[in-house]
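S.K.: Turn this into a model:
(one chain, ligands or ions: 2)
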Amino acid sequence: MSRAVLALGSNLGDREKNLELAVATLGELVRVVSGVYETPPWGDPDQPPYLNAVLIAEDGDENPHAWLTRARACERAAGRERDPERPFGPRTLDVDVIAVWGGDGQPVISTDPELILPHPRAHLRAFVLRPWLDIEPFGLLPGHGFVYELINEQPAAGDVAGLTARPDVALG
Ligand SMILES: Nc1ncnc2c1ncn2[C@@H]1O[C@H](COP(=O)(O)OP(=O)(O)OP(=O)(O)O)[C@@H](O)[C@H]1O
Ligand SMILES: Nc1nc2c(c(=O)[nH]1)N=C(CO)CN2
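M.R.: Ligands and ions are numbered 1, 2, ... in the order given. Predicted coordinates for the structure are as follows:
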């Protein structure tokens, strides 16, 4: 058994449909999906606002790389349009593997550049921490601490006020 926190983001095309495609592609693996937030672009300001959400999924397959394969399948389903010159630039759909736990409940730590776990920038991103907090109030980002603490630390703390809940956009 493997459990993963995945972060979804879209700022090109039909953003709502792109996030929905990710949830549909993951299908029965999905346990809970957060609410959607409209968020200002992080890391590369000259691009449209994002819709972001987080979900928790589980699978019998213990291999953590299977989550990266599934994330890429979601991105392909949404056309995976992006500018290779801009690492934090606009995209139809981004699915990041934030953290993975094995069947023993222990977090998976990986320094493989193909799949770094936990995700190396998750603790800095209010657009990941805020929706995660909604679905797991005592969520732990391995190596960093409780999500409710991280969201009160800079730089994420300074970005929280800029997020807008979008209860009109419901996924799953
Ligand atoms: N935890 C992870 N989740 C997703 N991709 C990862 C992870 N760790 C390493 N990668 C690798 O990062 C590379 C770039 O991924 P991607 O294009 O999604 O990055 P990005 O979305 O532009 O930036 P960011 O990961 O900061 O959101 C991919 O080749 C992927 O294999
Ligand atoms: N608000 C927001 N900004 C981003 C996002 C994202 O999902 N949301 N994803 C990025 C890709 O690395 C870069 N910047």
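
S.K.: Low-confidence ranges, the protein, go.
M.R.: 81 (pLDDT under 70).

S.K.: Name the residues of it found near ligand 2, please.
M.R.: 9, 39-43, 50, 52, 88, 94, 127 (C-beta under 6 Å from any ligand atom). To be clear about C-beta, it is placed using only N, CA and C from the backbone, and glycine gets the same treatment.

S.K.: can you give me the offset of stretch 133-149 from its chain's centre?
M.R.: On the basis of C-alpha atoms, centre = their mean, to the nearest Å, stretch 133-149 is displaced by 13 Å from the centre of the chain it belongs to.

S.K.: same check, this time on stretch 56-63
M.R.: Worked out by C-alpha atoms, centre = their mean, stretch 56-63 lies 16 Å from the chain centre.

S.K.: neighbouring contacts of it?
M.R.: Applying C-beta atoms under 8 Å, 6 or more residues apart in numbering, the external contacts of stretch 56-63 come out as 1-6, 26, 29-32, 66-67, 70, 102-103, 135-136.

S.K.: repeat for stretch 126-139
M.R.: Residues contacting stretch 126-139 (C-beta under 8 Å, 6+ apart): 5, 7, 9, 32-37, 39, 42, 50, 52-56, 96, 98, 119, 122-123, 141, 146-148, 150-151, 156-157, 159-160, 162-163.

S.K.: Would you double-check that residue 170 falls in a helix?
M.R.: No: per DSSP: H, G, I helix; E, B strand; the rest coil, residue 170 lies outside any helix segment and is coil.

S.K.: Surely it and residue 34 touch.
M.R.: No: between residue 170 and residue 34 there is no contact under C-beta atoms under 8 Å: 10.5 Å.

S.K.: neighbour count winner among the two?
M.R.: residue 34 (22 against 12; other C-beta atoms under 10 Å).

S.K.: any idea which element the residue nearest to that one when sequence neighbours are not counted lies in?
M.R.: Sequence neighbours aside, residue 131 is the residue nearest to residue 34 in space, at 3.6 Å (criterion: C-beta to C-beta, 6 or more residues apart in numbering). Element membership of residue 131, judged by DSSP states H and E, is helix 126-135.

S.K.: Flag every buried residue along that helix.
M.R.: Neighbour-count burial for helix 126-135 flags 126-135 (criterion: 16 or more other C-beta atoms under 10 Å).

S.K.: again, but for stretch 66-76
M.R.: 66-68, 70-71, 74-75.

S.K.: Then stretch 16-27?
M.R.: For stretch 16-27, by 16+ other C-beta under 10 Å, it's 16, 18-23, 25-26.

S.K.: Tell me the one among the residues you listed nearest to ligand 2.
M.R.: Closest approach between the buried residues of stretch 16-27 and ligand 2, by C-beta to the nearest ligand atom: residue 19, at 10.4 Å.
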